[in-house]
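**Q** Mind looking at a prediction? Sequence and model below.
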Amino acid sequence: MRSISEIFAPLSYWVSAAGISLNTDIFEINLINLILVLSILFYYGKGVLISLLENRERTISNTIRDAEERYTEATEKLQKARIRLQQAEIKADEIRISGLAQMDKERQDLVDAADNDLNGLEDSKNNAIRFEKQRAIEQVRQQVSRLASQRALESLNSRMTNQLHMQLIDYHIGMLRSMSNK
Amino acid sequence: MQIEQLQIFEIDNPHQVSSVEVHAQVLITSWVVIALLIALPVVATRNLQTIPTGLQNFIEYVLEFIRDLTRTQMGEEEYRPWVPFIGTMFLSIFVSNWSGALLPWRVIQLPHGELAAPTNDINTTVALALLTSVAYFYAGLHKRGFSYFGKYIQPTPVLLPINILEDFTKPLSLSFRLFGNILADELVVAVLVSLVPLIVPVPMMLLGLFTSAIQALISATLAAAYIGESMEGHH
């Protein structure tokens, strides 16, 4: 081999020109020992290597399967949580609406009660006023009648003579007699 | 056969590309590693599914592993942009080491040198270590500006020479750790095979697989730790 470029020349030219030959002496090339070593290596190494690789493959597939299961579980839970959220929202709306309605009703009740109280008080006020008016009128009437009878008595006392008095008594007896005769 | 094995100790014959010398066998194996690392995600990310199966599951697991690693070292806020870098470090070192240990490279016989893990060459490991160095320098400067150089005086100015030395020993230790581990494992297996060709090297090869995987993890973790340390500032 004079230069590296000769390696790319055709093999036969290369072999003959450079004196490369195939060595077939078994002992020299250590073939038996090599085969022995290789077979021992494969015999023991194959078992170990295959178990190692199978372990690895199983671990990987388990991990992937676990991850996928957890993913589906998580999406399911998410779905369920969304549905519950929707229901909770609807219920919250309902509660809010009913609460507002109740608030309105109570306000209305309060207003009505206040009105009723107002009316009652007004009535009692009117009654009191009327009662007082009646009383005042009664008093005035009593006063007037007393005054009138007092004056009548005074005028009678001032004008009465014995003769007038006897005539008056005869008139009253005659009236009583006619009334008893009816 | 013995001499062939011992030829590993020879300096691999460099070849010329214009005026730059390259070690072609490391390049070939590096390209194979790159092709593997590009083909794997392209194939696995067809038909992406939510629940991963088969190849997609596997590379997702690898990605999670790298991400955890980065997050542990750099903290929660700023680990995200560095995951690709740490992932590249980890995966390239890991696939390089295991391809060198598991693929029957010796089937293809080159006239000079031989194919093996690309990380058994000091050039590869030094390149990766220098990348890490540049990365943590960039991280520190980008995050803190020129006050990054204040870290040389932390916690006391007496430690200034040691801190400067640290900037050189970090890439040195990273490169030599990886290089030493991988090359040593290859040499031990080669020696054992030359002694007893059949069953005996097998435990050593299995141990080699284990330690090379650990080395990839260590390189990536240390890279992340250096970057995190240079970004976090002084306490």
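**A** Everything's here; your move. Numbering: from 1, shown residues only, chains lettered A, B, ... in the order given.

**Q** is it true that residue A:31 touches residue B:102?
**A** No - applying Cβ atoms under 8 Å as the test, residue A:31 and residue B:102 come out as separate, 11.8 Å apart. (C-beta placed from N, C-alpha, C; glycine too.)

**Q** which other helices and strands contact the top helix by length along chain B?
**A** Criterion DSSP state H: the longest helix present in chain B is helix B:160-195. Contacts defined by 3 or more Cβ pairs under 8 Å, 6 or more residues apart in numbering or on different chains; DSSP states H and E place helix B:160-195 against helix B:2-6, helix B:83-102, helix B:122-144, helix B:201-232.

**Q** Now render these as JSON lines, adding mean neighbour count, distance to residue A:72 and mean pLDDT.
**A** Shown next, in JSON lines, are the helices and strands packed on helix B:160-195 (neighbours: other Cβ atoms under 10 Å in any protein chain shown; distance: least, Cβ to Cβ, whole Å; pLDDT from 0 to 100):
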{"stretch": "helix B:2-6", "mean neighbour count": "11", "distance to residue A:72": "68", "mean pLDDT": "41"}
{"stretch": "helix B:83-102", "mean neighbour count": "21", "distance to residue A:72": "34", "mean pLDDT": "93"}
{"stretch": "helix B:122-144", "mean neighbour count": "18", "distance to residue A:72": "45", "mean pLDDT": "91"}
{"stretch": "helix B:201-232", "mean neighbour count": "19", "distance to residue A:72": "41", "mean pLDDT": "91"}
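
**Q** Please identify which of those is closest to chain A.
**A** helix B:201-232 (4.8 Å; Cβ to the nearest Cβ).

**Q** got the phi/psi numbers for residue B:109?
**A** The phi/psi pair for residue B:109 (degrees, to the nearest 10) reads phi -110, psi 120.

**Q** What count of nearby residues applies to it?
**A** Taking other Cβ atoms under 10 Å in any protein chain shown as the criterion, the count of residues near residue B:109 is 18.

**Q** now swap in the one 5 residues further on and tell me
**A** Neighbouring residues of residue B:114 were enumerated by other Cβ under 10 Å; the total is 17.

**Q** wait, doesn't it sit right on residue B:106?
**A** Yes - assessed by Cβ under 8 Å, residue B:114 is found in contact with residue B:106 at 6.6 Å.

**Q** For chain A, which residues score under the pLDDT cut-off?
**A** Counting by pLDDT under 70, the ranges of chain A that qualify are A:1-29.

**Q** Secondary structure element for the residue most central in space within it, which one?
**A** Among the residues of chain A, the smallest C-alpha distance to the mean C-alpha position (Cα atoms, centre = their mean) belongs to residue A:92, namely 3.2 Å. Secondary structure assignment for residue A:92, by DSSP states H and E: helix A:31-159.

**Q** Farthest from the middle of chain A: give me that residue.
**A** Computed with Cα atoms, centre = their mean, the maximum C-alpha offset from the centroid of chain A is found at residue A:163, amounting to 105.3 Å.

**Q** tell me what the helix holding residue A:92 is packed against?
**A** Secondary-structure packing of helix A:31-159 (3+ Cβ pairs under 8 Å, 6+ apart): helix B:54-74, helix B:83-102, helix B:201-232.

**Q** so does the helix or strand harbouring residue B:38 get close to chain A?
**A** Counting by DSSP H and E, the element that carries residue B:38 is helix B:24-44. Yes - under the criterion of Cβ under 8 Å from any Cβ of the partner chain, helix B:24-44 makes contact with chain A via B:24, B:27-28.

**Q** For burial, what's the neighbour tally of residue 32?
**A** Just so you know, I chose chain A. Applying other Cβ under 10 Å, we find 15 other residues in the vicinity of residue A:32.

**Q** could you do chain B instead?
**A** The local packing count at residue B:32 equals 17, with neighbours defined by other Cβ under 10 Å.

**Q** how close does the residue nearest to it when sequence neighbours are not counted get to residue B:191?
**A** The shortest distance from residue B:32 to any residue that is not its chain neighbour, by Cβ to Cβ, 6 or more residues apart in numbering or on different chains, is 6.7 Å, and that residue is residue B:99. Relative to residue B:191, residue B:99 is positioned 21 Å away (Cβ to Cβ, to the nearest Å).

**Q** same deal with residue B:163?
**A** Taking Cβ to Cβ as the measure, residue B:163 and residue B:191 are separated by 41 Å.

**Q** picking up where we left off before, I'd like the helices and strands packed on helix A:31-159 written out as JSON lines, with distance to residue A:111 added.
**A** Conversion of the helices and strands packed on helix A:31-159 to JSON lines gives the following (distance: least, Cβ to Cβ, whole Å):
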{"stretch": "helix B:54-74", "distance to residue A:111": "79"}
{"stretch": "helix B:83-102", "distance to residue A:111": "83"}
{"stretch": "helix B:201-232", "distance to residue A:111": "82"}
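
**Q** Now do the contacts for the most centrally placed residue in chain B.
**A** For chain B, the residue lying nearest the average C-alpha position, counting by Cα atoms, centre = their mean, turns out to be residue B:93 (3.2 Å). Residues touching residue B:93, when contacts are defined by Cβ atoms under 8 Å, 6 or more residues apart in numbering or on different chains, comprise B:119, B:128, B:178, B:215-216, B:219-220.

**Q** Next one: it from residue B:140, what distance?
**A** If you measure residue B:93 against residue B:140 using Cβ to Cβ, the figure is 23 Å.

**Q** re the thing from before, between the residues of helix B:24-44 next to chain A, which is closest to residue B:146?
**A** Residue B:146 lies nearest to residue B:27 out of the residues of helix B:24-44 next to chain A, by Cβ to Cβ, at 38.6 Å.
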